[in-house]
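Chemist: Mind folding the following:
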Amino acid sequence: MARAKISVIPMVKAKDKPLIREIFTASAGKGLINYDAGNSIKCLDLLGIYLTVYLKERRINVKKIFFAAMTVFLSTTLFARGTQEPQIQAKDTIVFGVNLSATGLFHPTLNTSNADREVVFLVFNRLVATDPAGNYVPELAESYTASADARVYTFKIRRDIKWTDGQPFTAEDVAFTYETTAHPNFFRGIDEFARRLEGSEAYHAGTAPNVSGIQVLDPYTVRFTFTDPYRDAMVKFIDIPVLAKHVWSKVPVANWMDQGELLRNPVGTGPYILAEYVQDQYVRLERNDAYFKGAPKIKTFILKRSNPDTRQIEVINGELDVARVVSWKERDLADYTRRNIPIVEVKSIMAYYIVFNTTDPVFQDPRIRLAAVHALDRQALINAIENGHAITSETLISPTQSVYPKNITPYDFNTAKSLDLLRQAGYTDTNGDGIVEKDGQSLKVTLRYDNVDDTLLAQLVQAQLKKGGFDVEIIGSDFNTVLGILRSTTEPFQIAFMGATYRPNPGYGAGHMWMARYINDAENNRLMALANGSTNDQEALVNFGAWGRYLHDQAPIAVLYFKSTGYAVNPRLVGYEPTATEWFPKVETWYFK
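Modeler: Just a heads-up that it's a prediction; the model follows:
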């Protein structure tokens with residue numbers, strides 16, 4: 001296709017020629033003006049989107065330059081009409097746009113962010129997975145059984161699996177993966193699953209050489225025995241992939257986090273092998289030709305960090321094959337639907353939290369936490385940000401769960417209630433400025449948020465809390481910085497936003513108490529233990545309801561909403577059908593038409 005010669009277009013003013021040339025150079029680099037002239041209308045549409053973003057980023061008046069740029073573009077496409085026919089070429093690389101940059105923690109039990117977890121799920125496998133209906137289906141296991149009292153789970157392991165370094169996969173790898181989560185030096189501490197295993201407390205205390213509740217019966221059979229009925233044990237088996245014992249047993253558990261070379265070059269069993277990791281840019285994986293389910297049809301899988309401001313252009317232009325929808329606004333979705341780019345929606349899987357530091361002198365008082373929650377118009381937030389593609393929740397249980405407490409009192413939007421709660425805590429507005437004070441000090445607080453995805457949310461919440469008597473300073477930074485602050489036990493913060501992709505177990509939210517520094521609350525832990533020990537559906541309804549109502553009343557974390565996640569998908573891609581628990585289901589079968 002002929003390229004525009006800016007110098008011979010008389011309608012472009014001399015002072016604007018350098019800018020026009022820069023725009024066209026950049027847009028050509030994006031592939032936006034390399035279509036054949038017969039597709040000039042599509043190209044014009046794309047360039048229009050790109051120009052708007054490009055000029056906005058540079059604070060240039062769009063109207064000032066748009067007409068001149070379009071003149072150049074149209075003259076070029078009309079001149080070149082009919083010179084080339086579009087061709088569809090075979091495609092063996094998928095580029096998956098991701099929100100966050102991977103940190104290089106590519107380890108099944110150490111990873112703490114979705115960016116690393118995405119890599120882990122392509123490189124490793126789990127004992128079981130789920131089908132589209134949510135039923136458990138074997139993966140590394142060929143079969144499994146559970147005792148009637150939900151205390152004993154036995155897995156038969158497939159015999160045809162090898163690690164990518166050629167070593168055989170056995171039940172020893174399974175036992176090692178789960179036993180080390182109870183190790184006294186394990187980075188993340190002992191979790192609910194590990195704590196409930198028989199013998200885990202002694203192993204964690206260093207008084208036993210292993211966890212007696214994990215038994216390797218033979219090279220291809222492993223058994224897990226829990227101290228009490230544990231109905232949600234299967235959720236852990238679909239959540240944690242299995243790691244290689246012959247690799248990681250050579251390193252003391254206390255030193256796992258320091259093994260940069262091992263972490264960034266994982267030995268797995270999965271459909272893909274990590275080939276290249278460029279921090280803050282992309283992760284490239286190549287197919288595992290020896291994969292036990294069959295070599296993937298798509299040769300190369302790239303997880304590419306994608307800027308929300310340009311993501312839509314990248315999808316439309318074919319640079320990204322799958323990418324999360326930035327906005328549910330009709331005008332934004334229209335750019336996809338007009339081009340027959342399908343949107344896949346996974347409903348209500350991600351909780352958006354407002355997290356309070358319960359060790360902070362202000363927010364250690366639950367009345368102040370509740371005052372903040374009642375000052376929020378959550379439905380207005382859903383309408384403004386998610387365009388209705390979200391639902392509210394009154395506690396840390398998804399409303400889609402059967403054990404969600406039906407008689408829980410909603411957090412109604414009520415600024416009068418907020419001000420009354422603050423008054424009970426000793427705060428009143430004495431000077432009429434709308435901000436309450438105590439002992440002569442205004443109620444000034446800070447809110448930490450991800451400045452890539454949550455800026456509008458932060459601004460709206462700041463305005464709503466101000467009406468409820470709070471003077472809020474919002475502090476934006478990248479996601480990993482916010483997450484790092486919450487992970488710390490000493491880094492100061494008062495309020496923060498954080499998201500969590502929920503798993504199928506109803507008590508999943510209990511695992512997030514560390515965010516609010518609330519892990520030592522005795523009543524919360526007692527009620528959670530009762531809920532997890534439920535032996536039937538009726539007990540679970542009662543026990544999870546009691547735990548959910550307690551968290552509702554204490555509000556260390558409140559759910560702003562459970563949002564749906566949408567993905568724009570290359571219409572040529574066949575087989576991509578994500579669910580709440582499966583991000584890359586049957587990825588080895590995907591292909592491009």
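Chemist: what pairs with Phe155 across the strands?
Modeler: Beta-bridge partners of Phe155, counted by DSSP bridges, are Tyr144, Val222.
Chemist: separation between it and Ala384?
Modeler: To Ala384, Phe155 is 47 Å away according to C-beta to C-beta, to the nearest Å. Any C-beta I mention is one placed from the backbone N, CA and C, and that applies to glycine too.
Chemist: So the two - more neighbours on which side?
Modeler: Neighbour count, other C-beta atoms under 10 Å: between Phe155 and Ala384, Phe155 has more, with 22 against 13.
Chemist: my read: that one touches Tyr220, true?
Modeler: No - counting by C-beta atoms under 8 Å, Phe155 stays clear of Tyr220, with 9.1 Å between them.
Chemist: shared neighbours, those two?
Modeler: Common contact partners of Phe155 and Tyr220 (C-beta atoms under 8 Å, 6 or more residues apart in numbering): Ala171.
Chemist: Need phi/psi at the nearest residue to Thr501 once chain neighbours are set aside.
Modeler: Nearest non-adjacent residue to Thr501, counting by C-beta to C-beta, 6 or more residues apart in numbering: Met350, 5.1 Å away. Note on Met350: its backbone torsions stand at phi -110, psi 120 [degrees, to the nearest 10].
Chemist: what does Ala580 give?
Modeler: phi -60, psi -30.
Chemist: all helices of the stretch 351-500 of the chain, in order?
Modeler: Ranges of helices in the stretch 351-500 of the chain, per DSSP state H, counting those that start in this stretch, are 366-374, 378-381, 415-424, 455-467, 479-487.
Chemist: no wait, the stretch 201-350 of the chain
Modeler: With helices called from DSSP H, counting those that start in this stretch, the stretch 201-350 of the chain shows them at 233-239, 245-248, 260-264, 311-316, 330-337.
Chemist: Mind checking these for the one nearest to Ile391?
Modeler: Closest approach to Ile391 among these (C-beta to C-beta): helix 330-337, 19.3 Å.
Chemist: which residues touch that closest one?
Modeler: With C-beta under 8 Å, 6+ apart, helix 330-337 has contacts from Ile49, Gln312, Val315, Ile316, Val325, Val326, Ser327, Pro342, Ile343, Asn387, Ala568.
Chemist: for stretch 460-468, same thing?
Modeler: With contact meaning C-beta under 8 Å, 6+ apart, stretch 460-468 is reached by 354, 371-372, 374-377, 380-381, 384-385, 415, 418-419, 422, 434-435, 447, 472, 474.
Chemist: Can you go through the residues you listed and name the buried ones?
Modeler: Buried subset of the contacts of stretch 460-468 (neighbour count, 16 or more other C-beta atoms under 10 Å): 354, 371-372, 374-377, 381, 385, 415, 418-419, 422, 435, 447, 472, 474.
Chemist: who's in contact with Gln424?
Modeler: So Gln424 contacts Arg367 (C-beta under 8 Å, 6+ apart).
Chemist: coming back round to it: partner residues bridging the residue nearest to Thr501?
Modeler: In this entry, Met350 is beta-bridged to Thr501, Lys563, by DSSP bridges.
Chemist: Just give the number of residues close to it.
Modeler: 17.
Chemist: can you check the one 5 residues further on too?
Modeler: Other residues within reach of Val355, judged by other C-beta under 10 Å, total 24.
Chemist: That one is in contact with Ala555, isn't it?
Modeler: No - when contacts are counted by C-beta under 8 Å, Val355 is not listed as touching Ala555 (10.3 Å).
Chemist: which residues are in contact with both of those two?
Modeler: Counting by C-beta under 8 Å, 6+ apart, nothing touches both Val355 and Ala555.
Chemist: Report the buried residues of stretch 469-478.
Modeler: For stretch 469-478, burial by neighbour count (16+ other C-beta under 10 Å) applies to Gly469, Phe470, Asp471, Val472, Ile474, Ile475.
Chemist: tell me which of these is nearest to Leu243?
Modeler: The nearest member of these to Leu243, counting by C-beta to C-beta, is Ile475 at 36.7 Å.
Chemist: Would you check how far apart the closest one and Gln538 are?
Modeler: According to C-beta to C-beta, Ile475 stands 46 Å off from Gln538.
Chemist: same thing with Thr359?
Modeler: Counting by C-beta to C-beta, the gap from Thr359 to Gln538 is 37 Å.
Chemist: who has more neighbours, the two?
Modeler: Neighbour totals were compared for Thr359 and Gln538, and Thr359 leads with 15 against 9 (other C-beta under 10 Å).
Chemist: next one: phi and psi at that one?
Modeler: As for Thr359, its main-chain torsions (degrees, to the nearest 10) stand at phi -100, psi 0.
Chemist: My guess is it contacts Arg517. True?
Modeler: Yes - if you go by C-beta under 8 Å, Thr359 and Arg517 touch, sitting 4.7 Å apart.
Chemist: Look at Ala182 and say how many residues are nearby.
Modeler: Around Ala182 there are 25 residues (other C-beta under 10 Å).
Chemist: and it, backbone torsions?
Modeler: Here is the backbone geometry of Ala182 (degrees, to the nearest 10): phi -100, psi 0.
Chemist: so what's it up against?
Modeler: Listed by C-beta under 8 Å, 6+ apart, the contact partners of Ala182 are Ile190, Ala194, Arg195, Leu197, Ser200, Tyr203, His204, Val211.
Chemist: now those in CSV, with neighbour count?
Modeler: Formatted as CSV, the contacts of Ala182 follow (neighbours: other C-beta atoms under 10 Å):
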residue, neighbour count
Ile190, 17
Ala194, 24
Arg195, 17
Leu197, 25
Ser200, 26
Tyr203, 23
His204, 21
Val211, 25
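Chemist: Next, format those as CSV and append pLDDT.
Modeler: Shown next, in CSV, are the contacts of Ala182 (pLDDT from 0 to 100):
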residue, pLDDT
Ile190, 85
Ala194, 93
Arg195, 91
Leu197, 97
Ser200, 97
Tyr203, 96
His204, 95
Val211, 98
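Chemist: Can you tell me which of these is closest to Pro504?
Modeler: Using C-beta to C-beta, Ala194 comes nearest to Pro504 of the contacts of Ala182, at 19.0 Å.
Chemist: Surely the closest one and Pro184 touch.
Modeler: No - assessed by C-beta under 8 Å, Ala194 is found out of contact with Pro184, at 11.3 Å.
Chemist: Quickly list what's touching both of these two.
Modeler: Common contact partners of Ala194 and Pro184 (C-beta under 8 Å, 6+ apart): His204.
Chemist: Would you check how far apart the spatially most central residue of the chain and Ala500 are?
Modeler: The chain has Asn114 as the residue nearest its centroid, 4.7 Å off, counting by C-alpha atoms, centre = their mean. To Ala500, Asn114 is 10 Å away according to C-beta to C-beta.
Chemist: tell me the domain boundaries of the chain?
Modeler: 6-79, 125-259, 274-346+566-592, 347-564 (automatic domain parsing).
Chemist: how about those, which one is nearest Gly104?
Modeler: Gly104 lies closest, by C-beta to C-beta, to one member of the domains of the chain: domain 274-346+566-592, at 6.1 Å.
Chemist: Between the two ends of the closest one, what distance do you get?
Modeler: 22 Å (C-alpha to C-alpha, to the nearest Å).
Chemist: Skipping adjacent residues, who's closest to Glu118 in space?
Modeler: Of all residues not flanking Glu118 in the chain, Leu303 sits nearest, at 5.9 Å (C-beta to C-beta, 6+ apart).
Chemist: Residues in a beta bridge with that neighbour, which ones?
Modeler: Beta-bridge pairing for Leu303 (DSSP bridges): Phe96, Val283.
Chemist: possible to save the helices of the stretch 351-500 of the chain as a markdown table with distance to Val403 and mean pLDDT?
Modeler: Output for those, formatted as a markdown table (distance: least, C-beta to C-beta, whole Å; pLDDT from 0 to 100):
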| stretch | distance to Val403 | mean pLDDT |
| --- | --- | --- |
| helix 366-374 | 22 | 98 |
| helix 378-381 | 22 | 97 |
| helix 415-424 | 28 | 97 |
| helix 455-467 | 29 | 97 |
| helix 479-487 | 26 | 93 |
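Chemist: Tell me which of the ones you listed sits most buried.
Modeler: Among the helices of the stretch 351-500 of the chain, ranked by average contacts under mean count of other C-beta atoms under 10 Å, first place goes to helix 366-374 (a mean of 23).
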